[in-house]
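Peer 1: Got a predicted structure here, sequence first:
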Amino acid sequence: PHRGHQMGYRALSHCYDAWSAETYEQYMRELAIFGANAFETTSFRSPDSKDSPHAKLTRGEMAAAWSRICANYGFEFWLFGNASGGQGESEENWDQSIVRRVDLLRAIPHLDHVYLTGGDGQSEEMRPDRMIEWTGCFAEEARKTHPNLGVWVSNQGFTPEQNNWFFDYLQRKQPDWLTGVVYGAWTRILADEQRDRTPKRYPIRRYSDIGHCVRGQYPVAGWDRAFARTLGREPFAPRPKWHARIHNLYDEYADGFVTYSDGVGDDLNKFVWTALGWDPDRDLDDIVLDYSRFFFGWDIGEEVQKGLFMLEENFVGSLAENETVEKTYALWRNLEEEADEALLTNWRFQECLLRAYYDHYTRLRLLKANDIEERAYAALRRGPDIGVEKAIEAAREILAESDQDERTDPLKARIRELGADLFESIGAQLDVENTQARNSERGAVLEFLDTPLNNRRWIEHELDAILAGEFTATMAEAPTDGDVRLARLARVVDWEDPGPNGFYDDLGCAWKQPHLVKPKPLWDDPAGVTTPREGHTFDSGEPYRLSWLDVEEALNQTPLVLRYEDLDPKLNYRVRVTYLGRYNATVRLVADDEYEIHGPYGHTLKGVRFTPERDSPAVVEVEEDGPTPEVTPLEFVIPKEATADGSLELTWQRMTGRGVQVAEVWLVAEP
């Protein structure tokens, strides 16, 4: 079986672009000791170009170097690229795209396989019939240069209708030019179905995302939003238990894997996959112990093994309540104090130290940020007694307090030192300004050391709007008696309060979603193909509540369902929903599979958001450089027939887009 890893020489990675051919060779040798036999680089348009200010070689030179390394060691050498075949593609573009790719192959002396993806998450314009036709033509030309070249395709992002065509074609035609099929991120079916629908003559290779913690194939389940906002998408994230599970869960349906990786943040995950690819029954504790002894030293191997598992445990549950974080920090701090120079300059040790410091630092900040927010709310609650202006002034003074102090300052300084050390030792680009990371989402964790961990930005935005009399989400739905500003202050403070006999779900927070229905736990479907999962939107600095940036998402045709029991049949109910998310989806809401609460609407186009003007939803077009519309929960009446039996099931169905994304839901009992 294939036991490989994609380590593309490109600026999107947070370190690979800084590597020399010798660094790549050393890393490949290390992985090979644990069983790796394949390595994949990413395609490129210009062999003579460099994709990064850190690049040692041109892209063509590095591909040729990889080719020689793999040939010398007997490794499979793979090239990843995109298949062509979109709607409306001209014959000229068709021919040119084949010529361009074949010219690239001529510059690579030894090449075993080419993987041409059918798309990622946004492949609505891809036509499987055109893709297959183009790939067949490409295979014929490519094999004039590399006669034994394997040509692989994937159905990533294909709709159910496109999948039907794709598998029907494979079953009927079974083309000889095709070597195998790849199962990767955004494939809309599970691996067992992929195997069942693919002719047996074609092996399936997994293309598993082992590096992304959010906005990826296998995100951290139930991740605390404080981590999602700071460590973000591509941190150093050893996840041995989860990745052992992910590997073995689908191992029987594939002939191996070449994982997706954009740096060394997933280093331990690579070695876990590699070892299990050799022997799926291998004990995980033994794998991690071998890794620890081999890279850190025999004498501290057991402590390092323990510390690596603890770094994964730091990600479990509420960060504010997770006391493992302090124990993890203490373990790695003790190892640091006893380390010699060789260990202190070991990049793997530096990464572990950075995570231990970072997690401890973030937890201390979070605890203080939570305290600041609660005290600010307490000040606002005094509005009826001391007046709106004085209450707001007192709250602002509290919100201006820093969540950093004498305990966090030395931690922050050491984190920055470790970031500089990692740039020196392995080329890790952990910030944009000093190390020229491609962007802040790509492993640049130093960019988020000061990211707000509470709702300060939203509260201050609301307070400004209240004093100015401007419309925001706290504006009352109907005229109120007395000072409307007091009513708005109360809504800021009691945002989550559904009122008497009501219910609230913060769906992006795993421990605040009591009514969410999950057909199976993510442990049994870690990609969330058939069950909902938490999603975390990248924070662009808008004054949003944290509960808006995190959502529950149900991908593709999977519905999102909330179920309520023990309702009072005599009461009338309304549902209030906050829609926000990056999928630009159009959704429909139905009660008890019978009563339509609202028809299909939402993000019908990119740059369009639905927001209410009083009682009626209205489309607001977002100009590219214009202000973002206010995020506003929408309210809908629940037919009394739907709650007559004391229960209610609400189902959100995706109509367009990648999937349903819902941030918050209140079920409100009318007085």
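Peer 2: Done, it's in. Computed from a prediction, not measured in an experiment: that's the story for all the values here.

Peer 1: Now do the helices in the stretch 1-150 of the chain.
Peer 2: Using DSSP state H, counting those that start in this stretch, the helices found in the stretch 1-150 of the chain span residues 21-33, 59-73, 91-106, 128-142.

Peer 1: out of these, which comes closest to Pro639?
Peer 2: When the helices of the stretch 1-150 of the chain are compared by Cβ to Cβ, helix 128-142 sits nearest Pro639, at 41.7 Å. Glycine gets a C-beta too; all of them are placed from N, C-alpha and C.

Peer 1: The next helix or strand after that closest one versus helix 128-142: what angle between them?
Peer 2: Elements were assigned by DSSP states H and E; along the chain past helix 128-142, the next helix or strand is strand 150-154. For strand 150-154 against helix 128-142, the angle by axes from the mean of the first three to the mean of the last three Cα atoms, to 10 degrees is 160 degrees.

Peer 1: sorry, back to before: rank the helices of the stretch 1-150 of the chain by mean pLDDT and give me the bottom one.
Peer 2: For the helices of the stretch 1-150 of the chain, mean pLDDT drops lowest on helix 91-106, to a mean of 84.

Peer 1: how much distance is there from it to the middle of the chain?
Peer 2: 33 Å (Cα atoms, centre = their mean, to the nearest Å).

Peer 1: Stretch 390-406 now?
Peer 2: Worked out by Cα atoms, centre = their mean, stretch 390-406 lies 32 Å from the chain centre.

Peer 1: Dump it to CSV, keeping only the CA atoms.
Peer 2: As requested, the backbone C-alpha atoms of stretch 390-406 are provided in CSV (Å, rounded to 0.1, in the frame of the first residue of the first chain):
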residue,chain,number,x,y,z
LYS,A,390,-22.9,56.4,33.6
ALA,A,391,-23.5,52.7,33.3
ILE,A,392,-21.9,52.7,29.8
GLU,A,393,-19.0,54.8,31.1
ALA,A,394,-18.3,52.3,33.9
ALA,A,395,-18.6,49.3,31.5
ARG,A,396,-16.1,50.9,29.1
GLU,A,397,-13.6,51.5,31.8
ILE,A,398,-13.8,47.8,32.7
LEU,A,399,-13.6,46.6,29.1
ALA,A,400,-10.5,48.7,28.6
GLU,A,401,-8.6,46.5,31.1
SER,A,402,-6.0,44.2,29.6
ASP,A,403,-6.3,40.5,29.8
GLN,A,404,-2.5,40.3,30.1
ASP,A,405,-0.5,40.9,33.3
GLU,A,406,2.7,40.0,35.1
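
Peer 1: which other residues reach that stretch?
Peer 2: Residues from elsewhere that reach stretch 390-406, judged by Cβ atoms under 8 Å, 6 or more residues apart in numbering: 365-366, 368-369, 372-373, 375-377, 379-383, 386, 412, 450, 452-454, 456, 459-460, 463, 466-467, 489.

Peer 1: Show me which of the residues you listed are buried.
Peer 2: 365-366, 368-369, 372-373, 375-377, 379-380, 383, 412, 452-454, 456, 459-460, 463, 466, 489 (16 or more other Cβ atoms under 10 Å).
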